[in-house]
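Visitor: Let's see this in three dimensions:
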Amino acid sequence: MGSILIMGGDIIFAGCSFTWGQGLWSYSPTKLKVPTVNEYLKGAGIPEPADIFRIENRWATQVAMRFHAREIIKRHNGGTDEESIRFIDEIKQNNVHKHSLLTENVIWENVNYVIFQTTQAYRSGFAFFQNGIEYCIFSESNLKNLERIEKIKRDKNGNINYTEDVDNGIDIFLDWLIDNNHTVEDFEKLHTKFISNKILNKLKNLEKEQNIPTLLLCWTPEYLPHFLNDEFASERLVKLKYNGEEFDTISCIIEKYKKFEIQYDSTTLHDDGGDGHPSLECNQIIKDAVIGKITERINLKNNE
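Guide: Numbering: from 1, shown residues only. Model prediction:
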């Protein structure tokens with residue numbers, strides 16, 4: 001236990017609103033007006049005492065406190081898995097400005113762990129090349145209704161310079177599918193494999209090249225077929241435990257126990273307006289699972 005207590009340094013928590021702690025202000029004991037989810041999404045501010053409560057009680061902050069570390073979390077609420085990958089890159093570059101995902105200076109050598117919380121796959125685009133041109137296609141949440149296609153232009157360093165919508169984009173994508181012996185029905189599997197590979201390549205690189213240990217925490221089950229069939233990913237997958245049961249994803253435990261969603265939790269102190277994010281108790285369950293997995297991984301390493 002001694003090695004755990006003195007971990008210190010920084011822990012990167014790359015994720016979406018489930019890591020940022022949306023809605024936890026509904027449990028704040030403040031007497032000030034706290035916004036419902038719809039009021040918040042329309043721009044209503046969070047009173048300072050309620051926002052401090054959110055930060056202090058989200059699972060990521062609690063994990064960092066347990067290991068005497070500083071939590072490094074994206075500036076903005078929400079986001080995509082691709083954005084979370086970019087966030088890790090920005091931290092390595094210590095890229096801090098008013099438009100950056102990073103809000104404070106980080107010395108890369110002080111990063112002792114990376115926890116990657118996956119979000120919904122459809123939020124990220126699927127990149128493909130057709131006739132030498134790079135495109136990115138976006139779908140709706142069911143990963144079946146293809147929404148739009150953008151043409152991508154990169155600079156000499158490989159960074160995206162600009163994008164532009166393509167009027168005949170669906171035709172271009174259908175041509176790509178035909179040329180590569182795929183059907184439209186293959187898209188969901190292609191897309192989840194594409195994004196899961198990007199996530200795993202980043203985490204594997206962190207461990208192999210940077211000697212930074214990593215963990216995976218899934219919100220939805222979309223990536224599970226890929227993660228569970230990958231030894232690296234399956235060994236680092238955080239599983240939630242409650243009432244003698246084990247759950248591979250946050251959505252799985254919420255689906256069975258509705259009280260772990262803020263809108264169904266009777267212990268909130270303010271009107272949440274139907275917030276579908278993890279409850280305060282669910283955040284505690286996630287915290288315990290992540291701490292347990294980090295402890296397990298440290299013990300394995302110490303026993304090698």
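Visitor: So what touches the helix or strand hosting Val114?
Guide: In this assignment (DSSP states H and E), Val114 forms part of strand 111-118. Strand 111-118 is contacted from outside by 7-16, 18-19, 60, 63, 67, 69, 72, 81, 84, 88, 91, 199, 202-203, 206, 210, 212-220, 223, 238, 290, 294, using Cβ atoms under 8 Å, 6 or more residues apart in numbering. C-betas here are computed from N, CA, C, even on glycine.
Visitor: so of those, which ones are in helices?
Guide: Those of the contacts of strand 111-118 mapping onto helices are 18-19, 60, 63, 81, 84, 88, 91, 199, 202-203, 206, 210, 290, 294, per DSSP state H.
Visitor: Once you drop chain neighbours, what's closest to Leu146?
Guide: Ser139 (5.3 Å; Cβ to Cβ, 6 or more residues apart in numbering).
Visitor: Could you report the neighbour count for that neighbour?
Guide: 20 (other Cβ atoms under 10 Å).
Visitor: contacting residues for it?
Guide: 122, 126, 145-147, 187, 191.
Visitor: which stretches of the stretch 51-200 of the chain form helices?
Guide: 59-66, 81-93, 169-179, 187-210 (DSSP state H, counting those that start in this stretch).
Visitor: Where among those helices is average confidence lowest?
Guide: Looking at the helices of the stretch 51-200 of the chain, the lowest mean pLDDT belongs to helix 169-179 (a mean of 91).
Visitor: if we can go back for a sec, the ones in helices among the contacts of strand 111-118: which two are farthest apart?
Guide: Phe18 and Gln210 (25.0 Å; Cβ to Cβ).
Visitor: Those two: which is more packed in?
Guide: Neighbour comparison, Phe18 and Gln210: the larger count goes to Phe18, with 24 against 15 (by other Cβ under 10 Å).
Visitor: Please determine how far the more buried one is located from Asn159.
Guide: Phe18 sits 28 Å away from Asn159, taking Cβ to Cβ, to the nearest Å as the criterion.
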